[in-house]
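Student: Take a look and give me a structure for this.
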Amino acid sequence: MGSSRPLVGFLATLFADFGLDCVGLASGAGRRIGLFGLGDETAPLTERSVHIPVPLVAALSGRRLEPDGLRPLAAGRTTLPPTLLDEAAAHAARIARTEGPNVLVIRSPCTREAEALAGNIADRLGLVGVDMGEESPRTHSCWLAATGSLPVLKQVLGPGDQCRIDPPGDHKGPILVLAGSEGVIEAPIPVSEWRVAIPGEEERALLWQAGGIDPATAADAARIYRQGAGRIAEIVEKVAAAVDPPDDPWSRLTEAIESGASQLDRLARRSSARVEREDLVIPGALAEGLDLLVERIRLRNRLADDLGSSLRARYRPGVRALFTGESGTGKTLAAHWLARRTGLPLYRVDLAAMTSKWIGETEKNLSTVLDAAQHADVVLFFDEADALFGARTDVGDSHDRFANAQTNFLLQRIEDFDGVAILATNSRDRFDPAFVRRLDSILEFPLPDAMARRSLWRSHVGEGHRLADRQIDALSVAVDLAGGHIRNIVLSAAIRARRDERPIAFADIAAATAEEYGKLGRSPPDLREC
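Tutor: Presented below is the predicted three-dimensional model:
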């Protein structure tokens with residue numbers, strides 16, 4: 001009949017005494033569980049061939065071959081701390097006691113960590129974890145049973161999203177689902193959830209040491225960085241793979257941390273500006289506030305220790321600060337300096353890419369960024385943050401209602417954030433009053449006075465100029481602009497000076513000052529050379 005494979009009609013005739021017919025063979029349990037499949041011949045049903053999938057033939061021969069669309073679970077070389085291992089053992093024991101199929105949802109922002117935990121559970125159950133991709137366990141239930149495999153599904157959900165797992169059909173074993181912190185997982189079988197917590201400081205130190213970091217450096221890293229097992233595994237691999245690493249162990253580690261933060265690089269822009277303390281020209285009260293904020297970030301893991309039970313019960317290690325002040329007063333510079341002092345990479349959120357006209361998309365984007373930032377342990381910087389966290393308004397139509405609902409979600413989500421978030425705005429009044437309680441620090445960046453402007457002029461012009469001290473003093477008094485505008489003036493003056501291959505002169509500064517005032521729609525001061 002053109003093929004060496006048996007045909008549907010032949011098998012139906014052979015097993016007719018057992019009640020088998022062509023339709024029953026094509027739609028019965030054998031085909032449903034993947035025991036055999038039908039050929040794609042353009043022929044009547046009776047003349048179509050029947051074959052056993054090659055992966056199943058391999059399984060029956062004692063070999064392992066994943067069907068198309070499935071792949072081995074990429075657990076990777078990720079060391080897990082004792083607390084997570086104990087929790088994995090408890091979940092595995094519960095699954096082993098449960099009769100029939102059931103679902104365990106592992107919620108972790110780090111896919112690598114979740115895969116390692118899924119692999120650990122599979123080992124404890126005597127099974128082999130397999131990434132199902134887009135496939136359903138019911139279509140491969142025969143192969144799963146023949147190979148002793150544990151199906152692992154992956155779901156990426158946002159706030160309000162809902163995913164329903166397909167009925168497992170003839171698959172009678174457990175199913176693992178790897179998901180982030182948002183969304184709802186439903187299934188027609190029992191579902192339990194496991195929210196994976198970040199290990200404590202002592203366990204983090206052990207994880208760093210397990211990756212080859214010396215004990216002293218590991219202790220410092222565990223104290224400063226609040227990262228999970230998956231992120232630590234990523235960093236130590238970068239340390240080991242460095243082509244020309246620094247001699248200092250701490251420098252090697254921080255260089256690996258600053259080289260990238262996994263999936264966060266796709267969601268926000270990393271800033272590598274290295275701002276020193278002398279680059280900030282700010283009043284003493286603000287400087288003290290920034291120093292206290294640095295200490296708050298450094299002590300966030302231990303801050304609630306030995307305090308009252310009421311505080312410890314609701315304490316979260318996240319740090320949220322608001323920088324408010326006119327444009328150019330140093331808010332962005334201060335955020336860069338803060339990141340440098342704490343040793344955390346700074347990521348700047350692109351609000352244009354974050355917001356969406358579609359209902360629910362803005363919330364989903366923000367939740368994804370916060371999860372990634374919390375996993376990577378970075379400083380997340382929201383410039384012009386009032387665009388996201390603006391005040392709620394009276395409900396006049398459906399647009400106001402949805403806008404208020406979005407603000408409600410954002411306020412709650414930023415409060416639950418366990419990382420470091422710095423928000424900047426030109427006006428504090430634009431924020432919702434309910435947001436103030438959720439902030440750990442609000443720092444006002446005032447416009448500089450004459451003495452501060454004098455320091456700004458000197459720090460910007462450097463040494464490549466021909467300005468006398470009395471001219472800098474005159475600029476400090478007459479030009480009442482913030483540091484950002486002074487920066488623009490000096491750059492514009494430098495263009496004129498470089499064009500003529502000479503140092504910056506007072507005339508260059510005067511011309512550039514007139515341009516900057518023109519950009520602001522203001523009349524420039526009368527700058528007369530002294």
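Student: give me every residue that touches the nearest residue to V128 once chain neighbours are set aside.
Tutor: Excluding the flanking residues, the one nearest V128 by Cβ to Cβ, 6 or more residues apart in numbering is S149, at 5.1 Å. Bear in mind the C-beta positions are built from the backbone N, C-alpha and C, glycine included. S149 makes contact with 127-130, 143, according to Cβ atoms under 8 Å, 6 or more residues apart in numbering.
Student: from those residues, which single one is nearest I486?
Tutor: G129 (59.0 Å; Cβ to Cβ).
Student: Can you verify the closest one is assigned to a strand?
Tutor: Yes. Remark: G129 belongs to a strand, assigned using DSSP: H, G, I helix; E, B strand; the rest coil.
Student: hang on, isn't it packed against L176?
Tutor: Yes. Using Cβ atoms under 8 Å, G129 makes contact with L176 at a distance of 7.4 Å.
Student: of the two, who's got more company?
Tutor: Neighbours around G129 and L176, counted as other Cβ atoms under 10 Å, are more numerous at L176. The numbers are 26 against 23.
Student: does that one count as helix, strand or coil?
Tutor: The local conformation at L176, judged by three-state DSSP, is strand.
Student: ok, and the closest non-adjacent residue to L85?
Tutor: In space, L85 comes closest to N120 once its chain neighbours are excluded; the distance is 6.8 Å by Cβ to Cβ, 6+ apart.
Student: State the number of residues packed around the residue nearest to S271 when sequence neighbours are not counted.
Tutor: Excluding its sequence neighbours, the residue lying closest to S271 (Cβ to Cβ, 6+ apart) is L346, at 4.8 Å. A count of nearby residues for L346, using other Cβ under 10 Å, gives 26.
Student: For L346, give me phi and psi.
Tutor: Recorded main-chain torsions at L346 are phi -110, psi 130, according to degrees, to the nearest 10.
Student: Distance-wise, check it relative to F417.
Tutor: Using Cβ to Cβ, to the nearest Å, one obtains 16 Å as the distance from L346 to F417.
Student: repeat for A88
Tutor: In this view, A88 and F417 are 26 Å apart by Cβ to Cβ.
Student: so I414 sits in a helix?
Tutor: Yes. Assessed with three-state DSSP, I414 lies in a helix.
Student: Per-residue confidence at the residue nearest to V128, what does it come out as?
Tutor: Per-residue confidence (pLDDT) for S149: 93.
Student: Same check on the one 4 residues further on?
Tutor: pLDDT for L153: 93.
Student: And whatever helix or strand it lives in, what's buried?
Tutor: Assigned by DSSP states H and E, L153 belongs to strand 149-155. Along strand 149-155, the positions that meet the burial threshold by neighbour count (16 or more other Cβ atoms under 10 Å) are 149-154.
Student: Same check on stretch 412-429?
Tutor: Judged by neighbour count (16+ other Cβ under 10 Å), stretch 412-429 contains these buried residues: 413-414, 417-426.
Student: Neighbours of S259, how many?
Tutor: S259 is flanked by 14 other residues according to other Cβ under 10 Å.
Student: Report pLDDT for it.
Tutor: 70.
Student: what's near enough to touch P448?
Tutor: 281, 329, 456, 482-483.
Student: Does it fall in a helix, a strand, or a coil region?
Tutor: Classification of P448 by three-state DSSP places it in coil.
Student: which stretches of the stretch 151-300 of the chain form strands?
Tutor: 162-164, 174-179, 184-186, 191-195, 269-271 (DSSP state E, counting those that start in this stretch).
Student: who's in contact with the first one?
Tutor: This points to strand 162-164. If you take Cβ under 8 Å, 6+ apart as the criterion, strand 162-164 is touched by 155, 157, 183-187.
Student: try the third one
Tutor: When contacts are defined by Cβ under 8 Å, 6+ apart, strand 184-186 is touched by residues 103, 105, 155, 157, 161-165, 177, 179, 191, 193.
Student: in it, what counts as buried?
Tutor: Of the residues in strand 184-186, those buried under the neighbour-count criterion (16+ other Cβ under 10 Å) are I185.
Student: so how far is that strand from its chain's centroid?
Tutor: Its chain's C-alpha centre lies 21 Å from the corresponding centre of strand 184-186 when counted by Cα atoms, centre = their mean, to the nearest Å.
Student: cool, stretch 242-249 as well?
Tutor: Going by Cα atoms, centre = their mean, where stretch 242-249 is centred and where its chain is centred differ by 27 Å.
Student: Would you mind splitting this protein into its domains for me?
Tutor: Taking automatic domain parsing as the domain assignment, the ranges for the chain are 8-52, 71-195, 201-259, 271-445, 450-519.
Student: Mean pLDDT lowest where, among those?
Tutor: Comparing mean pLDDT across these, the weakest is domain 271-445, with a mean of 77.
Student: Identify the residues contacting A74.
Tutor: Residues near A74 by Cβ under 8 Å, 6+ apart: 115, 131.
Student: try C110
Tutor: Contacts were defined as Cβ under 8 Å, 6+ apart; by that measure C110 touches 228-231, 262, 375.
Student: State the distance from the residue most central in space within the chain to G419.
Tutor: By Cα atoms, centre = their mean, the mean C-alpha position of the chain lies nearest to A372, the distance being 0.8 Å. Using Cβ to Cβ, one obtains 10 Å as the distance from A372 to G419.
Student: Then A16?
Tutor: Between A16 and G419 the distance is 68 Å, computed by Cβ to Cβ.
Student: Could you name every residue contacting both of G129 and L176?
Tutor: Residues touching both G129 and L176 (Cβ under 8 Å, 6+ apart): 118, 121-122, 150, 152.
Student: from the residues you listed, which is closest to V243?
Tutor: Nearest member of the shared contacts of G129 and L176 to V243, counting by Cβ to Cβ, is A118, at 33.0 Å.
Student: which SS class is that closest one?
Tutor: helix.
Student: Looks like it contacts V130 (just checking).
Tutor: No. A118 sits out of contact with V130 when judged by Cβ under 8 Å, with a separation of 10.0 Å.
Student: mind listing what the closest residue to A219 other than its chain neighbours touches?
Tutor: Here the nearest residue to A219 in space, its sequence neighbours aside, is A205; by Cβ to Cβ, 6+ apart that works out to 5.2 Å. Taking Cβ under 8 Å, 6+ apart as the contact definition, A205 lies against 215, 218-219, 221-222.
Student: And for D170, the neighbour number?
Tutor: D170: 18 surrounding residues under other Cβ under 10 Å.
Student: any idea how far R138 is from it?
Tutor: According to Cβ to Cβ, D170 stands 7 Å off from R138.
Student: which residues are common contacts for the two?
Tutor: Common neighbours of D170 and R138, counting by Cβ under 8 Å, 6+ apart, are 32-33.
Student: Touching, I106 and G119? I think so.
Tutor: No. If you go by Cβ under 8 Å, I106 and G119 don't touch, sitting 11.0 Å apart.
Student: higher neighbour count, those two?
Tutor: When I106 and G119 are compared on other Cβ under 10 Å, the one with more neighbours turns out to be G119, at 24 against 21.
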